[in-house]
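**Student:** Sequence and computational prediction follow.
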Amino acid sequence: MIQSVDRALRILAVLQGDHRLTLGEIAQRLELPPSTVHGILRTLLAHRVVVQEHDSGRYRLGPAVLTMGNVYLDTLELRSRVTPWAEDLARRTGLAVRTAVMLVDDVVVVHHEPRPDGSRQMPEVGIVIPAHASALGKAILAFDDELADELLDSPAARRSMTGETITDQKAQRAQLDEVRASGIAYEVEEAVLGECGVAATLSDRLGGPVGALGLVVASGEWPLAQSTIDSLPPVATGGRGAERLRDGHPSQATTPRLTEPTPAASRAFTTFRVRPVHALSGCSGSRLRSPEVGRGARRTPSQSRARS
């Protein structure tokens, strides 16, 4: 590892979390001499990755970060392929659709299709959600043993977000086993109070997880109707043995009751496949707060015994 590069990236990570900091504050958080941090900041300033406010002298992320982020999104094949399907899925379910990929211990939303009800909604591309507390994250972790072991072995990475967050390591591993068996991932207000959802794993040709696709629903509308669940991407039955979508359509092993996608959505999945989704799920987080989930919501036995 190149020390100077590592320190520069750590500075960016600190500014990402705290937004506006003085030189002393950055140095204190990184436990580095102010002179060392100042030298790195001067380089980052020259490349506009960091900017300094004239009035306060504080540092914050610069416009070059936005440019790089946009390039990442524009060149992300998963995002370009999933977009037509997400649009179709939102239209048929009336729900918001998120597509996410892993980012260390979190998932980051790379595509957000808002609810098609005409309401004003905040764009969610770029938001991060703790992987262990989100349906999207669990859908990915269930099929990446190395990543799951690393995250679940870290108490800090399994921090509690709400009173509903599952933090017990054994309970979390049991839940991932259930995701591998059923092909679905869920969480009930584990990340944020007020939103629920279900996620399916997006895999590459070799079966490795590259991301996850999920529906988001307010807790007051939970549980979802089976017809809504059936609107999820057409998938094959059989857990880990899901067949690859050929030319955007499922193989002969497809669950017959799932509806066919539109032609545009079909073309989107010529490379990626969606792991099976047969039954439903739980929650995924934004920043809403609402009354306690319930109002008829059902919990699986594993959910009931997993709370800590």
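**Tutor:** Perfect, I can see it now.
**Student:** For the stretch 51-200 of the chain, which residues score under the pLDDT cut-off?
**Tutor:** Regions of the stretch 51-200 of the chain meeting the criterion pLDDT under 70 are absent.
**Student:** could you show me where the strands are in it, in order?
**Tutor:** For the stretch 51-200 of the chain, the strands defined by DSSP state E, counting those that start in this stretch cover 59-61, 96-103, 106-113, 128-130, 185-188, 195-203.
**Student:** between those strands, which gets nearest to residue 137?
**Tutor:** strand 106-113 (4.5 Å; CB to CB). (Each C-beta comes from the backbone N, C-alpha and C, glycine too.)
**Student:** could you give the angle of that closest one to strand 96-103?
**Tutor:** For strand 106-113 against strand 96-103, the angle by axes from the mean of the first three to the mean of the last three CA atoms, to 10 degrees is 150 degrees.
**Student:** quick revisit: output the strands of the stretch 51-200 of the chain in a markdown table; the columns should cover distance to residue 160 and mean neighbour count.
**Tutor:** Shown next, in a markdown table, are the strands of the stretch 51-200 of the chain (distance: least, CB to CB, whole Å; neighbours: other CB atoms under 10 Å):
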| stretch | distance to residue 160 | mean neighbour count |
| --- | --- | --- |
| strand 59-61 | 28 | 19 |
| strand 96-103 | 20 | 24 |
| strand 106-113 | 15 | 22 |
| strand 128-130 | 10 | 21 |
| strand 185-188 | 13 | 29 |
| strand 195-203 | 17 | 28 |
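**Student:** Any stretches of the stretch 201-308 of the chain with poor pLDDT?
**Tutor:** Looking at the stretch 201-308 of the chain by pLDDT under 70, you get 229-230, 232-308.
**Student:** rerun that using 80 as the cut-off
**Tutor:** 207, 226-308 (pLDDT under 80).
**Student:** contacting residues around residue 63?
**Tutor:** Shown in contact with residue 63 (CB atoms under 8 Å, 6 or more residues apart in numbering): 48, 51.
**Student:** Could you rerun that using 10 Å?
**Tutor:** Shown in contact with residue 63 (CB atoms under 10 Å, 6 or more residues apart in numbering): 48-49, 51.
**Student:** ditto for residue 54
**Tutor:** Contacts of residue 54 by CB under 10 Å, 6+ apart: none found.
**Student:** buried set for stretch 78-92?
**Tutor:** Buried residues in stretch 78-92, defined by neighbour count with 16 or more other CB atoms under 10 Å: 78-79, 81-90, 92.
**Student:** And the strands of the stretch 51-200 of the chain: which comes nearest residue 215?
**Tutor:** strand 195-203 (5.1 Å).
**Student:** name the helices or strands packed onto that closest one?
**Tutor:** The contact analysis (3 or more CB pairs under 10 Å, 6 or more residues apart in numbering; DSSP states H and E) places strand 195-203 against helix 77-93, strand 96-103, helix 135-141, helix 169-182, strand 185-188, strand 209-218, strand 273-274.
**Student:** on that earlier part again, could the contacts of residue 63 go into TSV alongside distance to residue 199 and neighbour count?
**Tutor:** Shown next, in TSV, are these (distance: CB to CB, whole Å; neighbours: other CB atoms under 10 Å):
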residue	distance to residue 199	neighbour count
48	36	13
49	33	20
51	36	16
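**Student:** Identify, from those residues, the entry nearest to residue 32.
**Tutor:** For these, the nearest to residue 32 is residue 49 (17.8 Å; CB to CB).
**Student:** Once you drop chain neighbours, what's closest to the closest one?
**Tutor:** Sequence neighbours aside, residue 64 is the residue nearest to residue 49 in space, at 4.7 Å (criterion: CB to CB, 6 or more residues apart in numbering).
**Student:** hmm, back to that, can you list the strands of the stretch 51-200 of the chain in TSV and add distance to residue 163?
**Tutor:** Converted to TSV, these look like this (distance: least, CB to CB, whole Å):
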stretch	distance to residue 163
strand 59-61	33
strand 96-103	23
strand 106-113	20
strand 128-130	15
strand 185-188	11
strand 195-203	15
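**Student:** my guess is residue 154 contacts residue 105, does it?
**Tutor:** Yes - with contact defined as CB atoms under 10 Å, residue 154 reaches residue 105; the gap is 7.3 Å.
**Student:** where do the contact lists of these two overlap?
**Tutor:** residue 132.
**Student:** So for the two, which sits in the more crowded spot?
**Tutor:** residue 105 (18 against 13; other CB atoms under 10 Å).
**Student:** And that one, how far from residue 214?
**Tutor:** Separation of residue 105 from residue 214 (CB to CB, to the nearest Å): 18 Å.
**Student:** Sweet, I'm off.
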